[in-house]
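Engineer: Model the following, please.
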Amino acid sequence: MTEPVLDATPTKVSAADVKEEILTQKISKKCCKCAFLAGVFRGAGSFYLSHDGYGVRISHHDDALISKSAVILHSLTRFEAEVTLRISSREVGAKNIYEFQIPSGDVYDRLTDMHVLPPFGDVAALPSPALLANECCKISFIKGLFVACGTISVPFDEKAKSSGGYYMDLTLSNESVAAFVCDLLNSLGANAKIRKRMRAYSVYMKEAEAISDMVCRLGAMNAVCAIQNIVVFRAVKNDSNRYTNCESANISKTVNAAIRQTEAIKKIIRAGLMDTLDADTREVAEARMENPSATLSQLSEIIPSHPGRGAINFRLKKLVATGDAIEDNHGKSE
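Structural biologist: Sure, this is the predicted structure:
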């Protein structure tokens, strides 16, 4: 049995890596732009109401996401969104938050007609079937969701004690929207599930293959390659660990058996019973005493008659049984 050899350590995969790949992709079709922006709204959007009116606010710490969303918005409506920066103190440590607003009026109504935005205040409104009629639009919607509210965890541990720990998650604030997204992912073979976290709902996947397939659908091919490398690396590492453990167990078993055999032979010698053994068994006993750490195969090579491993093992068991039957009152010899 040859121990597996790992030639290289794979690179880490983070949510930021996947999002960067998605955000650098060009979206050409209008339907996909609408779906992407609708996904961003569900993941990073909120309604606002002030003395100046009402509308939708898109907020995120990733300036690349906000910039891309603003560009898509302009291509759809010719509306020049004003991106602003504020410092959030709601989290541990100050954090930059980039945002822009889509106020009520013609632009908002047009986006509603295009199924990008729901009617004002309807937080439970689901994406229109017309928005996701095509496969490409479904993927674009998920892309917008993931860059807005997605995370991914791919375990990077050279010890790799298990094959688990893979995780992909979309965190949404509304239960009905989360259920819709879960069904959408499952229609693409994701095996997604939902669980409630505080006041939010997590749509998640925990299977490496499903996560890799979904990241592939999102077009983040560098991340896909890195995930597959980690999956293979951990599988080979697990096999290597099992091999090592098996070898250690076999060595321990062999050593313990050899110790018991030599102790039994010593008792036979002290009792003066060596001459009562048949020639073949005596030959094995002498070979074992002269080579206390030898394996059965090595003993077979050492003994002049070259008996098989099975024959040697049988005679050693016979020696152990004989030694166990002796009342040893002489103490151990030096």
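Engineer: ok, the helix or strand Ser59 falls within: who's next to it in the sheet?
Structural biologist: Assigned by DSSP states H and E, Ser59 belongs to strand 53-60. Pairing partners of strand 53-60, with direction, according to DSSP bridges: strand 45-50 (antiparallel), strand 95-103 (antiparallel).
Engineer: possible to save those strands as a markdown table with mean pLDDT, mean neighbour count and distance to Glu263?
Structural biologist: Any C-beta I mention is one placed from the backbone N, CA and C, and that applies to glycine too. Listed next are the strands paired with strand 53-60 as a markdown table, based on pLDDT from 0 to 100; neighbours: other CB atoms under 10 Å; distance: least, CB to CB, whole Å:
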| stretch | mean pLDDT | mean neighbour count | distance to Glu263 |
| --- | --- | --- | --- |
| strand 45-50 | 91 | 14 | 78 |
| strand 95-103 | 92 | 17 | 70 |
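Engineer: For Asn134, which of these is the nearest?
Structural biologist: Closest approach to Asn134 among the strands paired with strand 53-60 (CB to CB): strand 45-50, 22.6 Å.
Engineer: List of residues touching the closest one?
Structural biologist: Applying CB atoms under 8 Å, 6 or more residues apart in numbering, the contact partners of strand 45-50 are Tyr54, Gly55, Val56, Arg57, Ile58, Ser59, Gln101, Phe120, Gly121, Val123, Ala148.
Engineer: What's opposite the third one in the beta bridge?
Structural biologist: Going by DSSP bridges, Val56 is paired in beta bridges with Phe47, Ile102.
Engineer: quick one, what contacts it?
Structural biologist: The contact partners of Val56, by CB under 8 Å, 6+ apart, come to Phe41, Gly45, Ser46, Phe47, Tyr48, Gln101, Ile102, Tyr108, Leu117, Phe120.
Engineer: and Cys182, helix, strand or coil?
Structural biologist: Secondary structure, DSSP: H, G, I helix; E, B strand; the rest coil: Cys182 is helix.
Engineer: I'd assumed Asn191 was in contact with it.
Structural biologist: No: taking contacts as CB atoms under 8 Å, Cys182 lies outside contact range of Asn191: 10.1 Å.
Engineer: And the two? Which one has more around it.
Structural biologist: Shown here are Cys182 and Asn191; by other CB atoms under 10 Å, Cys182 has more neighbours (21 against 14).
Engineer: confidence score at the closest residue to Ser187 other than its chain neighbours?
Structural biologist: Closest residue to Ser187 apart from its sequence neighbours, by CB to CB, 6 or more residues apart in numbering: Lys138 at 7.8 Å. Confidence at Lys138, expressed as pLDDT, is 96.
Engineer: let's have the chain start at 741 instead
Structural biologist: Yep, numbering from 741; the last one is Lys878 now.
Engineer: Make sure Lys878 is indeed in a helix.
Structural biologist: Yes: looking at Lys878 with three-state DSSP, it is inside a helix.
Engineer: List the buried residues in stretch 924-939.
Structural biologist: Leu924, Leu925, Ala930, Ala932, Ile934 (16 or more other CB atoms under 10 Å).
Engineer: Mind listing what's buried along the strand holding Ser799?
Structural biologist: Result for strand 793-800 [16+ other CB under 10 Å]: buried residues Gly795, Val796, Ile798, Ser799, His800.
Engineer: In the helix or strand Ile951 falls within, which of the residues would be classed as buried?
Structural biologist: Element membership for Ile951 (DSSP H and E) is helix 948-957. Applying a neighbour-count criterion of 16+ other CB under 10 Å, one finds Ala948, Ala950, Ile951, Ser952, Asp953, Met954, Val955, Arg957 buried in helix 948-957.
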